[in-house]
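Participant: what follows is a predicted structure for the sequence shown.
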Amino acid sequence: MANYQELKQAIADVIKTNGNQEITGAILQNVLKSIVSVIGENATFAGIAIPGTNPGTPDANVFYLTTTDGIYLNFGNIQVNPNELAIIYTDNNIWRVYRLNVLTNKSINVYPDWFDFQNSVVNAKNTLFFEKVGGLNIAGFDKSLRLGFFSFVKGHSAYGNRIGFAWEKDQVWKRGDLLTNVNFNAPFSYKIDGKQYYITIDVSQVPDSETIYISDAGTGEIKLKINDRYTNFSEYSDVSGLKTDVDALKTDVSGLKTDVDALKTDVSGLKTDVDALKTDVSGLKTDVYGNGGLNFLKNPDDNYSEAERKIISAIKNIGFYDVPEAIKNDDIFVRTFSAQTEATGSGFFGQLVYFANKRIYNETKNWDIASILIAPRVPCDYQEHEFDVTVSSGEMAGLRIRVLIDYSVFAGTEFSYGTRIDNKIVFNLLRTWNEPLNDRLHKIETDMNDRLHKIETDISELQKENTYIMPMQQKNVVFAGSSNVWGDGFLFYSYLKKPIDWLYKSSGKYTAYNDVETTNGEVQTNDVKFMDGKAIKISGVGAEIKFKHKGSELNICQVIERTSDYALIGLYDGDTKVAEFTNHNTTIGSDTEQFSGDGEKIKFNLKRCFTYSHVLKVNGVPKNIILNTQGYGVTFPVGADCLVIRSLDDNGNVIHTLYFKEAPTAGAVIDVSYNYGETICFVKSTVGETESGENESPYGDGTISYDPTNPANISSGLDFRLINEKSFYKFWFDSDVEREITLKIEGGNNPYFVFNFASSVFHNVMNAGIGGWTAANFNSGSYINRVYWNIADYFSPDVVTIGLTGNDDWANYPRKIKRVYNGITLDELKQFPMLEVGGIEYVAGSDTYNVTKNIGIIKEITTRSLKADEIIGSDVAEGDFVRIGTYTGDLRQVQTRRIETVDNVQGQITWAEPLHLNEFICIETIDDLVGQEISIRSIEQYMQQMELLISNIKKMVPKCKICLFNIYYVDMWTRDTAEYTYIQQWIAEKFDGTVYFVDAWKYARDYCENSLHSRDFDFVADGNDTITFAIDGVGHWEGIEVWVNNKNVYGKDCYPITGWYTTIEDKTGSELNWVGTNNYYPRIYKKRNFAIKWKQNIPLTGTAIKVKLATRQWSADYAHPRDGDYIDNSLGRALVYAISKI
C-alpha cells in the first residue's frame, strides 16, 4: 500500500471534519485492518473523495476515503450514506465500496460486538446509546431466538429507567413487557418467549437524558437487532440454589476490607497509565506506519538520470538503524551500482554496490574510509537479494543498513553506475525497513496485549493479596463418561482442568508451589499427577517453606516419594509451633515371584501394581524386561524380551502382568524380582512410575478399547482416578485471619519434604471416565471396578456429570425409513457416507449397485410438520426422533425434533417445537428444506440405559444432582450422533429437578465460529460450483468464512462437503452385498480433502475467493477434545457452570 503520509493525513482530516481531535488505537486498527483486508496491501491511496470527484481511469488498484454522503457518479453511481466512513476502491477496474463499522456524525466509535448494525436501522438518538453502551449478558438463554430492542430510556424526568426487548419467532417479531423503574446496576428479570431470564446490560457510560434513546412501537419488524455475540453465563438461573444469604456473605467491612490504601497501588506502581496505553494519534500512527512509511530518498523531487531512476526502482525496501549522532545530518549516497554477469576482469563488477558518506569523502578524499560495501562483487543472477550490513569502524561504526534489491530490473543489460562524488541518490536516514502493514498491526496488537496482560496480572496479584472470598463448602464431584472424560488416563485433562482449578482456586486462599519462599528448593515435575504439574522439594534439617495463608482451614498437598526416607515437619503459625507431621510412605517394599512356562502362555500375573526396578531370569538367564510407558497400543521395543503391563485380576484389582514377546518353553523357570510402592500425590491412580520416575502407561489389558472405532492391544482403561486425600495434611485454626505459615524440617531419616500447594478448601473429585464406555457398561455388573457403584467407592457424590453418547450410538443403529438408489457405480459407491446406508445389492448385469439409504425426502414442510413418502407404511411412531436436513459438513444443516403425531397413511409427522430457521445455514425460507433428507429413529435403547444409570446412581445417593453433559460437535459422516444433544432434555425430564442438561457442544461450536481465523486459502473462481482443498490435513473443519467481493457468503451462498467419512470395504461385486439389521456397516474410515460448494450466486470466472478457517478446532478427530487454554475456556467453562449448581 502506497502514499502512507497522505493516508494518515486523510484519516486526521476525517477526524477533524467530525469535531474530534483524537482517535483511539482500537479505531485506527479497525480502519487500517479493514483497508488491508478489503483492498490488499498493494493498492495506492488516491485521496479523499466527494461526490464531484473525477478519478479518471486508474491503471492500477487505488482507493479513496470519504465521509461525504451522496451519489458518486464518477465511481459507478456508488451511494455513500450519511454519518458513515467508506472506502471506495477499484477491483478489476470496477468501482466498489466498503462501509466501515464506524460512526462519524459526532465522534468516532465502534458499535458493541453484540449489536447487529448491518441489519438495523439506526437514527441519531439510537447512535447516542450505541456509542456508550457496554456488555450484554442474558443468563441461561440458549440464543435460539433472534432478539432486538423496542425501548430504552435512562434517567428521564418523567419515565425514569425503562427497557423492552423483542424476539423473532416463526418469522414474526413479538415484543415483550416494557419494564419500568429498572435498576441497571444489577441483573433484572425479563420474560422472553414465556421463560424468565436474568439480564445484565452495562449502561454506566450512557448518560441520563430527557432523550428517549430507543422507541420502536407497533407490530412490525424491529429496527434495532441483536446478534448472537452477547454472553449468556448462567449465573442467575437458580436464585434459591445460589443464595448464600446476605448474612453468610456479609463478611463485615473490616474483614472483607480491601482497603483503599491496600489496593491503591499508587498511580506509579500500577501505572501503565493512560499515557502509556493511550498512545495519542501521532504516537500510535508512528507505531502503525513506523518510519517505514517515509520516502527513502532525501531529495525525492531531484532531476534523476535514467540510470538513477532504474536504481531507485530496483531498491524495493531499505532501512537505516543505529545511526551515529555524528553522521545524522550527512548525505549517504549510492557511490557505485553494478548489475553484470561477470565479476572479474576489467570493467566487470557483477552485482557490486557501494554506498558512501559525502562529508567524510570531502574531508579525507579517501573512498575506503567514506564507503560502505553493500553487495559483494559476485556474478549477478538478476534475482532479488536482501543485504544486511553493519559498519564496524570509523565515524560510521554501528550504522546498520538493511536493503532489498531487485536485480531483475536490469535483466538483459550489463548495467554499471560508476563512482562520482556528485551522484544524486541520497538516502533519508530516518527511513526504517517498511514492514507489511499486517505485520505492524500485529506487533502493535501484541504489544498492547502484553501491556494489558501486565495490568491484569498486577491487578490479579493485588486481588490475591488484598481480597478474600469465603471458602466454598466441600464438594464431592464425579465426572463420568467415556473417552472424552478419560482424557489421558489420569485425573485432569483438557476441559476437566478448569472445574478442578475452580474448586480449589476460586475461593479462600490458594498457594501454589511457586508462591512460597524456600531454602534449597528444587522444582519437581509431573504434569499429570501434580496440581499445576509442579511441586517444590526441600531437604535437610532446618530447611523451610514459608507462605501467607488466610482461613481457619489449612490443607497442605504434598508429594510422598517411594522411599524409606522421611521427615518430621513442624507447622508454625508465625513463630508459634502449632503441629507436626511426618511423610512416611507405608506402601513400599520388594518381592520375588516364580512362574513356570508351558510353551504357549505369554502373560503371567504379578501380585500387585506399582512395581518397578524389575529383574527377570528365565532358566537362570537374564532377560531384558521393561515397564510399559507407551501410549495407546503396545509394540515391543527393540531388544525387549518382556514388558510389564497393567491388567486386572479375577477380583477386579489392578495388577502388573509379565507380557513376553515369545512364550517361555514348557517347564521353563521364570524368576522375577522387583520393588514396589506408590508415589502419594494429588492424583490417586494405579499408574506407577519407572525407576527413574517416568509415568507408566495408563492403558492396560482389557476387553474394550479406549476408541472402539480404532481398537489396539493393551488399550483399555482399568479403573477410575481421583484426588488422593492421603496426600493432604489438614489443620484447623481457631480464627479466620491472615497468618504466616512456616513448614520446617526438624528431623527424620535423610529428611525431605515436597510441597505441591496449600488451600483453604478441600474437595473430592473423581474421574470416572473409561475409553469406549457406554451407559450399558456402567449398568452392567460384568466390568468389576468400572461400574456405576464404583463412583461411590471413596465418597458420596454431590454431583455426577455424565458425558456419554459417542460409543452408545454404535448399539442404537436401527432406522425407521429408507430409500433405494439404483444404478450406483462402484466409484459412486466409494463416495457414499456409509453410516446412513441400510443395504447394498450388486446387480451383475449392469455392474452397478442398488443402495438402500436410511433416509426420506421432504415433500412438504412447515416449521412444525413435514410430509415424506418414505413415512407411508413405515413403523415410525410417536416419540421417535427425526433429524431434518441434508448434512454435508456443518451441524447447522440439520435440526432434531421429537415426533408428536404420525400419519403413516399420508406420510406426515408433526412435532411441538418449531424449527429455528435462523440456526440453519443456506436456508432462507422453510421451503428451502423441500427435497432435503430426513432420518428417523427411536434411540430407545440408549434412553433406557441412561434412565437406568441415573436411577442406579439416585438409588445409592438420593441427594446427588446429575448433569447430562454433552460435548460432541461432530462430523456426522464418522459419528452419527447429532440427535443425542437434543434428546438429553427428554431423559432429564423423566426425573425431578436434580437431573439437568448442559448443552456443552455449543461452547465448542461458538469457539470455532468466533475465534481467530488465521488459516487463509486463496482461490480464483473458474465458473464451477465447487472448490476443493488440495492440502493435507484439511478434511473437516468448523469455523469457516468464504469471502467473495468483500462479503462473507458462507452459510448463505455456499456450504462445506466434509472429507472425513466412512466408506465401503476393499471389495467389489457381490462381495459388497450387505443387509443392515441392528448394526452399522463395518466402519472403514477415509479422509479426503474437503470442499466448498455453492448453492447460489456462483462467483464469476476470475473472481478472487478467500477461505478463512478457524485457527484451532475443539478436537482432532471430532470426538476427543484437545488440550489447551482455549479448551479450558470453552468446554471447561461449561463444565464449571454444570457443577456450580450444587
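Facilitator: Sure, I can see it. Numbering: from 1, shown residues only.
Participant: what residues are up against the residue nearest to Y510 when sequence neighbours are not counted?
Facilitator: Excluding its sequence neighbours, the residue lying closest to Y510 (CB to CB, 6 or more residues apart in numbering) is S759, at 5.0 Å. The C-beta positions use only the backbone N, C-alpha and C, and glycine is treated the same way. Contacts for S759 (CB atoms under 8 Å, 6 or more residues apart in numbering) come out as Y504, K505, G508, K509, Y510, T511, N555, C557.
Participant: mind doing that once more with 6 Å?
Facilitator: Y504, Y510, N555 (CB atoms under 6 Å, 6 or more residues apart in numbering).
Participant: now do the phi/psi pair for it.
Facilitator: phi -150, psi 160 (degrees, to the nearest 10).
Participant: please tell me how far it sits from D515.
Facilitator: To D515, S759 is 11 Å away according to CB to CB, to the nearest Å.
Participant: got it, and I950?
Facilitator: Between I950 and D515 the distance, using CB to CB, works out to 41 Å.
Participant: which one of those two is surrounded by more residues?
Facilitator: Neighbours were counted for I950 and for D515 using other CB atoms under 10 Å; I950 has more, 23 against 14.
Participant: ok, V516 to N1073 distance?
Facilitator: 70 Å.
Participant: actually K730, sorry about that
Facilitator: As judged by CB to CB, K730 and N1073 stand 67 Å apart.
Participant: please report how far the closest residue to D809 other than its chain neighbours lies from I872.
Facilitator: Of all residues not flanking D809 in the chain, T977 sits nearest, at 5.1 Å (CB to CB, 6+ apart). According to CB to CB, T977 and I872 sit 28 Å apart.
Participant: higher neighbour count, these two?
Facilitator: T977 (22 against 16).
Participant: now the helices for the stretch 1-150 of the chain?
Facilitator: Per DSSP state H, counting those that start in this stretch, the stretch 1-150 of the chain carries helices over the ranges 4-17, 25-39, 124-132.
Participant: what of the stretch 601-750 of the chain?
Facilitator: According to DSSP H, counting those that start in this stretch, the stretch 601-750 of the chain carries no segments that qualify as helices.
Participant: just the stretch 351-500 of the chain next, same as before
Facilitator: Ranges of helices in the stretch 351-500 of the chain, per DSSP H, counting those that start in this stretch, are 358-364, 367-370, 437-466, 483-486, 497-505.
Participant: rank those helices by pLDDT, which is bottom?
Facilitator: The minimum mean pLDDT among the helices of the stretch 351-500 of the chain belongs to helix 437-466 (a mean of 56).
Participant: report the contact partners of Y407.
Facilitator: Listed by CB under 6 Å, 6+ apart, the contact partners of Y407 are A339, C380, Y382.
Participant: next, format the residues you listed as TSV and append distance to T90.
Facilitator: Output for the contacts of Y407, formatted as TSV (distance: CB to CB, whole Å):
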residue	distance to T90
A339	34
C380	36
Y382	31
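Participant: identify the residue nearest the residue nearest the centre of the chain in space, chain neighbours excluded?
Facilitator: By CA atoms, centre = their mean, the chain has its centre lying nearest to Y1126, at 3.9 Å. Leaving out its chain neighbours, the residue that sits closest to Y1126 by CB to CB, 6+ apart is R1112, at 5.8 Å.
Participant: quick one: the one you found from H1013, how far?
Facilitator: Taken as CB to CB, the span from R1112 to H1013 is 10 Å.
Participant: before we move on, the earlier item: the more surrounded of V516 and N1073?
Facilitator: Taking other CB under 10 Å, V516 and N1073 do not tie; V516 has more neighbours (20 against 12).
Participant: any idea how far G489 is from V644?
Facilitator: 17 Å.
Participant: and if you look at D69?
Facilitator: Here D69 is placed at a distance of 64 Å from G489 (CB to CB).
Participant: residues in contact with stretch 497-507?
Facilitator: 469, 471-472, 492, 510, 759, 763, 765, 1128, 1132, 1135-1136, 1139.
Participant: one more: stretch 591-609?
Facilitator: When contacts are defined by CB under 6 Å, 6+ apart, stretch 591-609 is touched by residues 654-660, 663-666, 668, 670-673, 676, 686.
Participant: and what about F165, helix, strand or coil?
Facilitator: Following DSSP: H, G, I helix; E, B strand; the rest coil, F165 is assigned to strand.
Participant: where does this structure dip in pLDDT?
Facilitator: The chain contains residues with pLDDT under 70 at 1-42, 83, 100-110, 217, 234-294, 435-468, 1031-1033, 1142.
Participant: domain-wise, how is it divided?
Facilitator: Taking automatic domain parsing as the domain assignment, the ranges for the chain are 4-103, 117-243, 259-294+435-467, 295-431, 589-676+683-722, 810-953+964-996, 1006-1065+1079-1119.
Participant: the residue nearest to the centre of the chain should be in a strand, yeah?
Facilitator: No - read with three-state DSSP, Y1126 is helix and lies in no strand.
Participant: roughly how far does it sit from Q941?
Facilitator: As judged by CB to CB, Y1126 and Q941 stand 35 Å apart.
Participant: same check on V754?
Facilitator: For V754, the distance to Q941 - CB to CB - is 49 Å.
Participant: higher neighbour count, the two?
Facilitator: Set V754 next to Q941 and count neighbours by other CB under 10 Å: V754 wins out with 25 against 17.
Participant: before we move on, what SS does that one have?
Facilitator: strand.
Participant: show me the contacts for it.
Facilitator: Neighbouring residues of V754 by CB under 6 Å, 6+ apart: A535, K537, Q558, V559.
Participant: I'd like to know which elements the helix or strand the first one falls within is packed against.
Facilitator: A535 is located in strand 534-539, with elements delineated by DSSP states H and E. Applying 3 or more CB pairs under 6 Å, 6 or more residues apart in numbering; DSSP states H and E, one finds that strand 534-539 makes contact with strand 522-525, strand 752-759.
Participant: which among those strands is found nearest to E919?
Facilitator: Nearest to E919, of all the helices and strands packed on strand 534-539, is strand 752-759, at 42.3 Å by CB to CB.
Participant: so that closest one versus helix 497-505, what angle?
Facilitator: With axes from the mean of the first three to the mean of the last three CA atoms, to 10 degrees defining the directions, strand 752-759 sits at 90 degrees from helix 497-505.
Participant: give the buried residues for strand 752-759.
Facilitator: The neighbour-count criterion (16 or more other CB atoms under 10 Å) identifies Y752, F753, V754, F755, N756, F757, A758, S759 as the buried residues of strand 752-759.
Participant: re the thing from before, who wins for neighbours among the contacts of V754?
Facilitator: Within the contacts of V754, most neighbours by other CB under 10 Å means A535, with 26 neighbours.
Participant: that residue contacts V523, correct?
Facilitator: No - between A535 and V523 there is no contact under CB atoms under 6 Å: 7.5 Å.
Participant: one step back: distance of the residue nearest to Y1126 from S483?
Facilitator: Distance, R1112 to S483, using CB to CB: 20 Å.
Participant: ok, G700 next?
Facilitator: 15 Å.
Participant: ok, and the closest non-adjacent residue to S865?
Facilitator: T910 (4.3 Å).
Participant: just D671 next, same as before
Facilitator: D671's closest residue in space is K617 (CB to CB, 6+ apart), at 4.7 Å.
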